[in-house]
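S.K.: structure for the following, please:
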Amino acid sequence: MLLRALSKLGICSRQQARRAIHAGRVQVNGKVIVQHTHWVDLARDMIMLDGRMARRTDQMIYLMLNKPAGYVTTRRDNLNRPTVFDLISPRGAADETTPSPLPWIFPVGRLDYDSEGLLLFTNDGPLGDALASPERHVHKVYRVLLDHLPSPEELRRLEQGIPILDYVTLPCKIEIEVEAPPSDNDQVDAKSQKSRWVRIAIREGKNRQVRRMFAAVGCEVRRLIRIRFGPLELGDLPVGHWRELAAHEVNALHCAVECYAGVG
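M.R.: Residues are numbered from 1 along each chain as shown. Okay, the predicted model is just below:
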């Protein structure tokens with residue numbers, strides 16, 4: 001079917017494909033198709049996404065971006081806001097020798113407009129889907145600056161799982177940073193900052209989940225930075241820059257999803 005074909009071609013993940021199809025961005029033999037279950041034959045049908053021919057690629061791309069605040073995680077934005085794809089260019093590469101143009105890639109999960117930090121991109125659809133799946137237990141770690149700390153009871157509720165919107169979050173781990181360095185971008189004094197940074201590790205990625213979790217206990221998120229995705233750490237990658245992953249990092253990502261395959 002069409003959804004599976006786009007993923008198999010290495011163009012996007014199944015989740016990304018579903019959204020693109022339903023948004024009317026996919027054509028088969030010149031006709032817009034909005035049903036993701038539409039049957040296609042990769043050997044005979046001409047598939048186009050956003051006006052570009054969908055072709056199989058044997059070159060797998062894996063890269064990491066240090067996303068700044070003020071960018072949306074999408075290829076296009078109806079409000080004409082900057083997107084993370086504006087940063088995926090030779091000028092934004094941590095290594096200026098990185099070749100361009102890059103093949104078609106998609107973000108693994110999202111970081112919202114105000115959030116920062118580690119964002120993965122790939123054209124490896126199966127790996128992207130697995131990394132984003134909560135069933136694979138691939139944790140994401142965030143540094144979060146709050147307006148005030150939750151109480152011990154509120155922290156316990158957050159860690160055990162808390163109702164937000166129409167679902168209950170999965171268990172998570174939260175640690176209070178005792179010696180967190182102050183940020184030049186926050187208009188508060190260093191002493192108060194040190195007492196309000198926390199780290200939270202989750203294995204879900206629902207829309208604005210971390211912000212909504214803390215809001216459920218009366219805390220406002222002032223800043224949110226993803227610093228780890230599975231085995232990968234953001235490290236000292238400059239804000240707004242990206243780099244391709246090393247072979248051992250790609251292997252570590254495959255191991256992370258394979259080690260937990262089938263674990264609920």
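S.K.: show me the shaky parts of the stretch 101-250 of the chain.
M.R.: Residues of the stretch 101-250 of the chain meeting the criterion pLDDT under 70: 101-103, 179-194.
S.K.: now the helices for it?
M.R.: 125-132, 152-160, 190-194, 209-215, 247-259 (DSSP state H, counting those that start in this stretch).
S.K.: and of those, who's closest to Arg81?
M.R.: helix 209-215 (18.2 Å; C-beta to C-beta). Yep, even glycine has a C-beta here, placed from its N, CA and C like the rest.
S.K.: to Glu233, which of the helices of the stretch 101-250 of the chain lies closest?
M.R.: helix 247-259 (9.8 Å).
S.K.: what's in contact with that closest one?
M.R.: Helix 247-259 has contacts (C-beta atoms under 8 Å, 6 or more residues apart in numbering) with 60, 62, 127, 130-131, 133, 136, 138, 230-232, 245.
S.K.: buried subset of those residues, written for PyMOL?
M.R.: To isolate the buried ones among these in PyMOL, judged by 16 or more other C-beta atoms under 10 Å, type:
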select buried, resi 62+127+130+131+133+136+138+230+232+245
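S.K.: so which of the contacts of helix 247-259 are in strands?
M.R.: Those of the contacts of helix 247-259 mapping onto strands are 62, 232, per DSSP state E.
S.K.: one step back: save the helices of the stretch 101-250 of the chain as CSV, and put in distance to Ser89 too.
M.R.: Shown next, in CSV, are the helices of the stretch 101-250 of the chain (distance: least, C-beta to C-beta, whole Å):
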stretch, distance to Ser89
helix 125-132, 21
helix 152-160, 38
helix 190-194, 33
helix 209-215, 29
helix 247-259, 21
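S.K.: Asp50 is nearest to which of the ones you listed?
M.R.: That would be, of the helices of the stretch 101-250 of the chain and by C-beta to C-beta, helix 125-132, which comes in at 16.4 Å.
S.K.: list the contacts of that closest one.
M.R.: With C-beta under 8 Å, 6+ apart as the criterion, helix 125-132 contacts 6-17, 106, 108-109, 120, 122, 136, 138, 205, 229-230, 253-254, 256-257, 261.
S.K.: looking at the protein, which residue lies furthest from center?
M.R.: For the chain, the C-alpha farthest from the mean C-alpha position belongs to Arg44; by C-alpha atoms, centre = their mean, that distance is 33.5 Å.
S.K.: now that residue: how far from Met1?
M.R.: From Arg44 over to Met1 the distance is 15 Å, taken as C-beta to C-beta, to the nearest Å.
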